[in-house]
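S.K.: The following comprises the amino acid sequence and a computationally predicted model.
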2 protein chains.
Amino acid sequence: MIDKLEFLLALAREKHFGRAADACGVTQPTLSAGVKHLEEQMGVLLVKRGSRFQGFTPEGDRVLEWARRIVGDSRAMREDISALRHGLSGRLRIAAIPTALAMVATITTPYRDKHPNVQFTIYSRTSLEILELLENLEIDAGITYIGNEPIGRVSIVPLYQEHYRLVTSADAPLGDRESVTWAEVSQVPLCLLTPDMQNRRIINRLLKSAGGESRPTLESDSMILLFSHVRTGRWASVMPEKIAQTLGLTEPIRAIPILQPDAVQTIGLVVPQREPMTPTTAALVNEARRIAPSL
Amino acid sequence: MIDKLEFLLALAREKHFGRAADACGVTQPTLSAGVKHLEEQMGVLLVKRGSRFQGFTPEGDRVLEWARRIVGDSRAMREDISALRHGLSGRLRIAAIPTALAMVATITTPYRDKHPNVQFTIYSRTSLEILELLENLEIDAGITYIGNEPIGRVSIVPLYQEHYRLVTSADAPLGDRESVTWAEVSQVPLCLLTPDMQNRRIINRLLKSAGGESRPTLESDSMILLFSHVRTGRWASVMPEKIAQTLGLTEPIRAIPILQPDAVQTIGLVVPQREPMTPTTAALVNEARRIAPSL
DNA sequence: CGAAATTAATAGCCTTTATCTATCGCGGGA
DNA sequence: TCCCGCGATAGATAAAGGCTATTAATTTCG
């Protein structure tokens, strides 16, 4: 029964019977039969079928919600019992927005000291993808923007505020300033994240409201790429204070506060709302609460 | 998988492999195998076994908690989907303490007007039994004392206050009074509920703290039995105001307020804490909220 | 417009799992 | 000590679940 619900979850993720079957480690006919079996049990079609997958019926969507919960709880149960016996162990899957990646180590490091048998998998994803991954039980926790739109069934631990800095060489234009304005920044060619990232959209918005335009000379979805360009001293970027600090910029690179406005975004840890949480996730939340004040 | 968890729930209820198997509609070896299979999956013994059932291991208790949730959710899912298609239908299982039985009709009647396809099963149970039944998913809602001890994972809707009255014939001792005290009541031979009922224990406590003693001439676990005795005019009882009103006492029987103290107990609807609730239960909660002010 | 490719359903077969009946063996209580 | 109740075990059988191969229905593309 629970396996069938997992089939349905995979189908929702992949929107394709064949790929969903692969993801579940079964063949396509098996997954088809599983879904059909669910439909018989419920007495109602769950999937809109033409000759290909066309989404779920309203009933299907509802079953999907329940499936997320039931499958999530059944995994949580296993982990819970395993933790009772062997202490915390297993794999903690976390996804973070690129600008938060550098601070993940401040959580994982003390966590690992306390629970050495837990392994980590950490993905770099956009904020939207993170919510989707959480929804689909593909990750255990996300680190992303919070406080904007209300986000599904999750618990939230605020971590820190994102203040922005112009990162540039001391001998470049504006390089000698103690602070700059968004209007001034908008005149500089920048290296920025790609527009599918919320960070880029936030920066775009800030530049625009300062009367400027974002004219990035270089875009990437990788902070490491941006950072390595900036380090040459020949490129400039706008980065959150936190990541600029963490990555350790050295002379002649400077990270200059951008004021007017000193825009802030709150970054936080989000985990599935489940009572009780899985032990590994609960420990992560504790760790986040513990270190949040020092960030 | 879910079936196996149901086995475990049945075993917790029945504390006996054979009876649990019966309750699940399978044979004893099937249930044994199911439990053993769970134990293999979890990698840990769940049931303490001698030559007979000896309770659960700590891990077993934990699995049991998860099982309650998972099984509950899976039933809720089915009901939810069925309600999407056919409107509210199915059977709503309610248990109420005896003194609240008479007021159940004030909820069920308007409920039935709105949702004629829902059938009711209503049990008369002690307050302790009600909590246990809720816990084990054997009822969908309970009507019982609230606000005393914190009670498990349930949502609560307060319904009304229980004020006590001396129910007696006008020509009996105290029968002509406008109000009486608990001290006075303690002198009268009474028909009361049996001591396993919380109502009786409450009354005992009140009588005792007024310096008296409860000396019931007649005990029963049935309000109907008490009521029919009182109606003869030859017996007296202490009953909640609500039930005395509802059952319609006629001359020469009087229901005299008992003061000093005018003790109150709050009665409420309790339902499993589940988000979202099953549709039938959600409707019941709505109904309870609606009528509570008028009680 | 027709051939090829894609996608999900179906058919037929086999393996695994689930369940039943019958029986055994351990303990507790008379 | 002797039952008797209880749960585990054995063996047989039914049911479910899964796989490969194929079909049917669209879609895509030449």
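M.R.: Happy to help now that I have it.
S.K.: show me where pLDDT drops low in the stretch 101-250 of chain A?
M.R.: Counting by pLDDT under 70, the stretch 101-250 of chain A contains low-confidence ranges at A:148-149, A:214.
S.K.: Please enumerate the strands of it.
M.R.: Secondary structure of the stretch 101-250 of chain A, counting by DSSP state E, counting those that start in this stretch: strands at A:118-124, A:141-145, A:154-169, A:180-181, A:190-193, A:216-220, A:237-240.
S.K.: Looking at those strands, spot the one closest to residue A:99.
M.R.: Shortest distance between residue A:99 and the strands of the stretch 101-250 of chain A, using CB to CB, is found for strand A:237-240: 4.9 Å. No exception for glycine: its C-beta is placed from N, CA and C like everyone else's.
S.K.: Please enumerate residues in contact with the closest one?
M.R.: Strand A:237-240 has contacts (CB atoms under 8 Å, 6 or more residues apart in numbering or on different chains) with A:99, A:162-168, A:185, A:190-192, A:199, A:203, A:223, A:226-227, A:229-230, A:255, A:258.
S.K.: can you check stretch A:177-188 too?
M.R.: The contact list for stretch A:177-188, computed with CB under 8 Å, 6+ apart, reads A:166, A:168, A:172-174, A:206-207, A:209-215, A:236, A:238, A:256-261, A:263.
S.K.: In helices, which of those residues fall?
M.R.: By the criterion of DSSP state H, membership of these in helices covers A:206-207, A:209.
S.K.: Filter these down to the buried ones.
M.R.: A:206-207 (16 or more other CB atoms under 10 Å in any protein chain shown).
S.K.: what does the stretch 51-200 of chain A put close to chain B?
M.R.: When proximity is defined as CB under 8 Å from any CB of the partner chain, the stretch 51-200 of chain A approaches chain B at A:58-59, A:62-63, A:66-67, A:69-70, A:73-74, A:76-78, A:80-82, A:84-85.
S.K.: ok so, going back, redo the strands of the stretch 101-250 of chain A as CSV? Include distance to residue B:275.
M.R.: Listed next are the strands of the stretch 101-250 of chain A as CSV, based on distance: least, CB to CB, whole Å:
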stretch, distance to residue B:275
strand A:118-124, 28
strand A:141-145, 21
strand A:154-169, 13
strand A:180-181, 47
strand A:190-193, 36
strand A:216-220, 41
strand A:237-240, 35
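S.K.: From the residues of the stretch 51-200 of chain A next to chain B, list just the buried residues.
M.R.: Using 16+ other CB under 10 Å as the burial test, these include A:59, A:62-63, A:66-67, A:69-70, A:73-74, A:76-78, A:80-82, A:84 as buried.
S.K.: so of those residues, which ones are in helices?
M.R.: With DSSP H as the criterion, helices contain A:59, A:62-63, A:66-67, A:69-70, A:73-74, A:76-78, A:80-82, A:84 from among these.
S.K.: By pLDDT, give me the weakest of those residues.
M.R.: In terms of pLDDT, the least confident member of those is residue A:84, at 87.
S.K.: about what we covered before: looking at the strands of the stretch 101-250 of chain A, which is closest to residue B:158?
M.R.: strand A:154-169 (28.2 Å).
S.K.: Kindly report the residues of chain A close to DNA strand C.
M.R.: If contacts are counted using CB under 7 Å from any atom of the strand, the residues of chain A sitting beside DNA strand C are A:16-18, A:28-29, A:32-33, A:35-36, A:47, A:49, A:51-53.
S.K.: what's the closest of those to residue B:7?
M.R.: Comparing those against residue B:7 with CB to CB places residue A:33 closest, at 25.2 Å.
S.K.: What about the closest one, how many residues nearby?
M.R.: Residue neighbour count, defined by other CB atoms under 10 Å in any protein chain shown, stands at 14 for residue A:33.
S.K.: name the element it belongs to?
M.R.: helix A:28-42 (DSSP states H and E).
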